[in-house]
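Novice: turn this into a model:
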Amino acid sequence: MRDSNLRQIWAQPPPPATTRFIEQPNPFFESWVLDSARRNLLGAHDRFLIAGDAQQIALPLKLKRYVPGWLPTVARIWGHDHCFDTTPLAKDVCREGLRRLFASLAARGIDILRWPRLPMDTAFAATLLDFVENSGLAHERTKSYQRPLLICDASDPDTFLERQVSKKRLAELRRCRRRLCELGKVEFLTYEGVHDAAQWCRDFIELEASGWKGPSGTGTAIGCSDSERAFFEAAAAEGAAAGRIVVHSLTLDGTPVAMTVNFRSGTWLWAYKVAYREDLAHLAPGVQVELEGTRAFLSDPTLTHVDSCMASEHGVVAQLWPDRRPMAEILIAVHPRANRVVRAGGLLWRQYRGLKSAAKDTMRNQRRMWRPPDRRRAAKSS
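Specialist: Predicted coordinates for the structure are as follows:
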């Protein structure tokens, strides 16, 4: 498929809320994110292609394995490290559109489709499962989890936070805020609508690199990779120019101590990135910016949902946001001849996960056995 045709879907502004498309918005597959990812994040040996019909459903794919006659060809929906939603942009979700999509995959010699990070609460996910079941195509969920979700239902922000956070915790956070104010002037800033991303983009890259993700830590910060930095800067510039990014920044004397970067599409928001100064961790700047951000989200009448993009149900956001979004990774046979391989792959994957879970339990028990006697007694008493 030619890029000019594909942009008919990816480059257009979000349609009004009365259309079906708004049921499954996804900024990660819109042109301002996807084009930047294609330019900067594809590996030297990655094979990237577009499958589907630009008039209905189009998917970015990366071929993982191709050995004709010996192993099946597996295509993976391209969900790179900076992609947290793989719902396709579809003008109309219907079985005929999916039939054309799978016919396009089969025509390209693809046998199996691996679909990671797929939200299961959309009209598209329901239609996809109905299609594969009624078409006799095997499918296996190789991973399922819940993602914290904030539903903006016109709740009063103060009442909401009092319901979600204990009085003791709120009092502790107020104390941390007072102590932070003692160090200088504290402000909560918001960048939204059409704006220039240059300043907050530099601030975020520096802030993230100063913590445990930086060069002295895991080295996974955006600023530690030229390609990831180029992706982030390009997506930030284009997204801000289109009014698709919302940034919250907690500053001390004008310098950010905690920031969140959020992507927007339609009435949805995705909590893409967060960073904070670790030398001030005892004053909880990261928690404070999340609290203020939640207040801002609940006060915005144009928002309906905020997806946390978290892979686990632990942490501050998981405690703050009570609702959950079901997520899954699915293995799908593109044609019936691949059914046996998909079922076998699903069985092997479940066995692997079972063994991994058992190994974790064994290691946990061994750590308890080797714990010093005094610590063992303390653990029992607690």
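Novice: which parts of the chain are strands?
Specialist: Using DSSP state E, the strands assigned to the chain run over residues 47-52, 58-67, 71-77, 112-119, 139-151, 186-191, 245-252, 255-265, 268-276, 305-307, 323-333.
Novice: distance to residue 356 added to those, as CSV?
Specialist: (C-beta placed from N, C-alpha, C; glycine too.) Shown next, in CSV, are the strands of the chain (distance: least, Cβ to Cβ, whole Å):
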stretch, distance to residue 356
strand 47-52, 30
strand 58-67, 21
strand 71-77, 21
strand 112-119, 18
strand 139-151, 12
strand 186-191, 41
strand 245-252, 36
strand 255-265, 32
strand 268-276, 28
strand 305-307, 27
strand 323-333, 15
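Novice: out of those, flag the one nearest residue 227.
Specialist: Of all the strands of the chain, it is strand 47-52 that lies closest to residue 227, at 14.6 Å by Cβ to Cβ.
Novice: how big is the angle separating the closest one from strand 71-77?
Specialist: 70 degrees (axes from the mean of the first three to the mean of the last three Cα atoms, to 10 degrees).
Novice: show me which residues of stretch 217-235 are buried.
Specialist: Buried positions in stretch 217-235, judged by neighbour count with 16 or more other Cβ atoms under 10 Å: 221-225, 228-229, 231-235.
Novice: any idea how far the nearest residue to residue 137 once chain neighbours are set aside lies from residue 132?
Specialist: Nearest in space to residue 137, with sequence neighbours left out and distances taken as Cβ to Cβ, 6 or more residues apart in numbering, is residue 333 at 4.7 Å. According to Cβ to Cβ, to the nearest Å, residue 333 stands 8 Å off from residue 132.
Novice: among the two, which residue is more densely surrounded?
Specialist: Taking other Cβ atoms under 10 Å, residue 333 and residue 132 do not tie; residue 333 has more neighbours (25 against 19).
Novice: just checking, that one touches residue 138?
Specialist: Yes - assessed by Cβ atoms under 8 Å, residue 333 is found in contact with residue 138 at 4.5 Å.
Novice: I figured residue 74 hits residue 109, correct?
Specialist: No - using Cβ under 8 Å, residue 74 is not in contact with residue 109, being 11.1 Å away.
Novice: distance from stretch 204-211 to the middle of the chain?
Specialist: 20 Å (Cα atoms, centre = their mean, to the nearest Å).
Novice: so which bits of that stretch are buried?
Specialist: 204-205, 207-211.
Novice: got any ranges where the stretch 251-382 of the chain has weak pLDDT?
Specialist: Across the stretch 251-382 of the chain, the ranges flagged by pLDDT under 70 are 367-382.
Novice: please, where are all the helices along it?
Specialist: Along the stretch 251-382 of the chain, counting by DSSP state H, counting those that start in this stretch, helices occupy 285-299, 316-320, 339-369, 373-381.
Novice: for the stretch 1-150 of the chain, which spans come out with low pLDDT?
Specialist: Using pLDDT under 70, the flagged stretches of the stretch 1-150 of the chain are 1-23, 52-56, 64-70.
Novice: now the helices for it?
Specialist: 3-10, 31-40, 95-107, 123-134.
Novice: domains in this structure, by residue range?
Specialist: In terms of domains, the chain is parsed into 3-145+326-358, 153-303 (source: automatic domain parsing).
Novice: now the end-to-end length of the shortest one.
Specialist: Meaning domain 153-303. 9 Å (Cα to Cα, to the nearest Å).
Novice: do you know how far the residue nearest to residue 198 when sequence neighbours are not counted is from residue 247?
Specialist: For residue 198, ignoring the flanking residues on the chain, the nearest one in space by Cβ to Cβ, 6+ apart is residue 237 at 7.5 Å. For residue 237, the distance to residue 247 (Cβ to Cβ) stands at 13 Å.
Novice: next one: residue 94
Specialist: 37 Å.
Novice: swap in residue 168?
Specialist: 31 Å.
Novice: if you count what's nearby, which of these two comes out ahead?
Specialist: residue 247 (25 against 8).
Novice: quick one: that one and residue 258 touch, right?
Specialist: No - using Cβ under 8 Å, residue 247 is not in contact with residue 258; the gap is 11.4 Å.
Novice: which neighbours do residue 333 and residue 132 share?
Specialist: Common neighbours of residue 333 and residue 132 (criterion: Cβ atoms under 8 Å, 6 or more residues apart in numbering): 138-139.
Novice: tell me who's in contact with the residue most central in space within the chain.
Specialist: Nearest to the mean C-alpha position of the chain, by Cα atoms, centre = their mean, lies residue 84 at 2.5 Å. The neighbours of residue 84, taking Cβ under 8 Å, 6+ apart as the test, are 28, 117, 270, 272, 307, 309.
Novice: between the residues you listed, which sits nearest residue 340?
Specialist: Closest to residue 340, out of all of these and judged by Cβ to Cβ, is residue 117, at 26.1 Å.
Novice: which residues are in contact with that closest one?
Specialist: By Cβ under 8 Å, 6+ apart, the contact set of residue 117 is 79, 83-86, 327, 329.
Novice: nearest to residue 301 among those?
Specialist: Distances from residue 301 to the contacts of residue 117, taken by Cβ to Cβ, are shortest for residue 85, at 23.4 Å.
Novice: isn't the closest one up against residue 34?
Specialist: No - between residue 85 and residue 34 there is no contact under Cβ under 8 Å: 11.8 Å.
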